[in-house]
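Colleague: One predicted model, sequence on top.
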Amino acid sequence: FNRCKSLTSITIPNSVTSIGARIFSDCTSLESIEVNSGNKYYSSVDGVLFNKSKTELIQYPVAKKDILYLIPNSVTHIYANAFSDCTNLTSVTIPDSVTSIGGGAFGDCTNLKSITISGSVTSIDERTFYKCTSLESVTIGDSVKSIGESAFYACSSLKSVIIGDSVASIGEYAF
């Protein structure tokens, strides 16, 4: 469905057993992803796509109208590009249950103003917050050991960064 710019909603049937990376990339009108309740591999909550057990957040719809989002406590992994280009979001709360955030997960979220990365996340991958031009403050928890290349690249409004004591490496162009 890459670049289906008029697609506003989709329902994933029971027969789907695998969903590829960036399947909804550049679907700029997508507001909701629903999954039939009988699907054995995937689920959805309020239009957001998860694996069946809701431990992996796969895709937040780009055009979803919410400005605030609280990631459920069941989530341990946020897929790469899961929130990419979500320009309506101003705040996302990442719970302590999250241990990994995929590369580009919040890339180009141009209205995202602040983010707190919980005490359970061990690394921030490449381009995770790339071009979050409204991002003003970042708090990186003590469990984070590495910050990837270009993780906060082109965050032109960034005024405050608090880096936890465990960070041992910071990639090129991270800030």
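Modeller: Great, that's in hand.

Colleague: Can you report phi and psi for residue 58?
Modeller: Per-residue torsions, residue 58: phi -90, psi -50 (degrees, to the nearest 10).

Colleague: Mind pulling the model confidence for the residue nearest to it when sequence neighbours are not counted?
Modeller: Once flanking residues are discounted, residue 58 sits nearest to residue 49: 4.5 Å by CB to CB, 6 or more residues apart in numbering. Every residue, glycine included, has its C-beta placed from N, CA and C. As predicted, residue 49 sits at a pLDDT of 98.

Colleague: same check, this time on the one 3 residues further on
Modeller: The confidence metric pLDDT takes the value 98 at residue 52.

Colleague: That one: how many residues sit nearby?
Modeller: 12 (other CB atoms under 10 Å).

Colleague: and it, how far is that from residue 76?
Modeller: 14 Å (CB to CB, to the nearest Å).

Colleague: now residue 62
Modeller: Taking CB to CB, one finds residue 62 at 23 Å from residue 76.

Colleague: between those two, who's got more neighbours?
Modeller: residue 62 (22 against 16).

Colleague: Provide a list of residues in contact with that one.
Modeller: 24, 27-30, 84-87 (CB atoms under 8 Å, 6 or more residues apart in numbering).

Colleague: give me that answer again for 6 Å
Modeller: 27-28, 30, 85-86 (CB atoms under 6 Å, 6 or more residues apart in numbering).

Colleague: and what of residue 139?
Modeller: Contacts of residue 139 by CB under 6 Å, 6+ apart are 116, 162.

Colleague: circling back: burial check on the residue nearest to residue 58, number of neighbours?
Modeller: 25.

Colleague: Show residues contacting whatever helix or strand it lives in.
Modeller: Using DSSP states H and E, residue 49 maps to strand 48-51. With contacts defined as CB under 6 Å, 6+ apart, strand 48-51 is touched by 33, 43, 57-60.

Colleague: Give the partner strands of it in its sheet and their orientations.
Modeller: With DSSP bridges as the test, strand 48-51 is paired with strand 42-45 (antiparallel), strand 56-59 (antiparallel).
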